[in-house]
Structure formats: C-alpha cells, structure tokens
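Asks: Need coordinates for the below:
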Amino acid sequence: MTIIVGILAMFVAFAALWLSGMAMKKADDQFTELASALRGELSKLRGEMDVGLKSATKRVQSLERRIEEIQSVDLSTRETLDAIRREVISLKEDLNATQTALPPQYRRRAKGGEARTNN
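Replies: Numbering: from 1, shown residues only. Just a heads-up that it's a prediction; the model follows:
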C-alpha cells in the first residue's frame, strides 16, 4: 500500500513539475512577445526622435549662421557709425578752429528761423 501511495505521490509531483514547466514556458513566451512589441515601439519612437533631433539641429545651425550674419552686419554698422562720429567730431573741431580764426566782425551765427545771408 505504501508503494502505491509513493508511486501516486511521484506521479502527482511529476504532474506538478510538468504543469509548472508549462506555466513557466507560457509566461516566458508572453514576456518575449511583450518585450518584442515594446522594442518595436521604442525603435519606432527612437526613429521619430532622431528625425526630430536632426531637424532641430539643422534649424539651430541655420539660426546660428543667421545670428552670426546679423552680428557681422551689426559690427560693420557700428564701425561705420564710429567712423562717421569721428568725422563729425573732426569737422566740428575744424569749424570751431575756423570760427576762432576769423576776426570778430565776420563771426556771425545764424539763429534758429533766421535765414543765412549770402555774402
């Protein structure tokens, strides 16, 4: 009787091992299927992100080039304005020197609204 109970216990144990193996295989298959689906979605998202990143990088480089061009134009404009400012200051100094070189009777400044006289 104990031999029969022992054999039955062995069959139950083997059945339990077989069932747990089948459950493990099913869970592993489901995990593999889920992982491959997630990998597919992630690779798709990665591709979209790469395209977006390349586009953004191109736009940033384009904007940087435009900023450099604007700064270059701004710098040349500033240099031109500084040259004009120096020229105006020089002309003003020359005018002041010319006015002080004239005798007082010939020095006459036109007032606002008064027309200059033709000599």
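Asks: What mean pLDDT does stretch 3-13 get?
Replies: If you average the pLDDT over stretch 3-13, you get 92.
Asks: Please disregard the earlier target; I meant stretch 104-118.
Replies: 60.
Asks: try stretch 53-70
Replies: For stretch 53-70, the mean confidence score works out to 93.
Asks: Can I get that stretch in PDB? Just the C-alpha atoms.
Replies: This file holds the C-alpha atoms of stretch 53-70, laid out as PDB (Å, rounded to 0.1, in the frame of the first residue of the first chain):
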ATOM      1  CA  LEU A  53      16.500  65.900 -33.500                       C
ATOM      2  CA  LYS A  54      18.200  66.200 -36.900                       C
ATOM      3  CA  SER A  55      15.600  68.700 -38.000                       C
ATOM      4  CA  ALA A  56      16.000  70.700 -34.800                       C
ATOM      5  CA  THR A  57      19.800  70.600 -35.200                       C
ATOM      6  CA  LYS A  58      19.600  71.900 -38.700                       C
ATOM      7  CA  ARG A  59      17.300  74.700 -37.600                       C
ATOM      8  CA  VAL A  60      19.600  75.600 -34.700                       C
ATOM      9  CA  GLN A  61      22.600  75.700 -37.100                       C
ATOM     10  CA  SER A  62      20.700  77.800 -39.500                       C
ATOM     11  CA  LEU A  63      19.700  80.200 -36.800                       C
ATOM     12  CA  GLU A  64      23.300  80.400 -35.500                       C
ATOM     13  CA  ARG A  65      24.500  81.300 -39.000                       C
ATOM     14  CA  ARG A  66      21.800  84.000 -39.200                       C
ATOM     15  CA  ILE A  67      22.800  85.300 -35.800                       C
ATOM     16  CA  GLU A  68      26.500  85.400 -36.900                       C
ATOM     17  CA  GLU A  69      25.500  87.300 -40.100                       C
ATOM     18  CA  ILE A  70      23.400  89.800 -38.100                       C
END
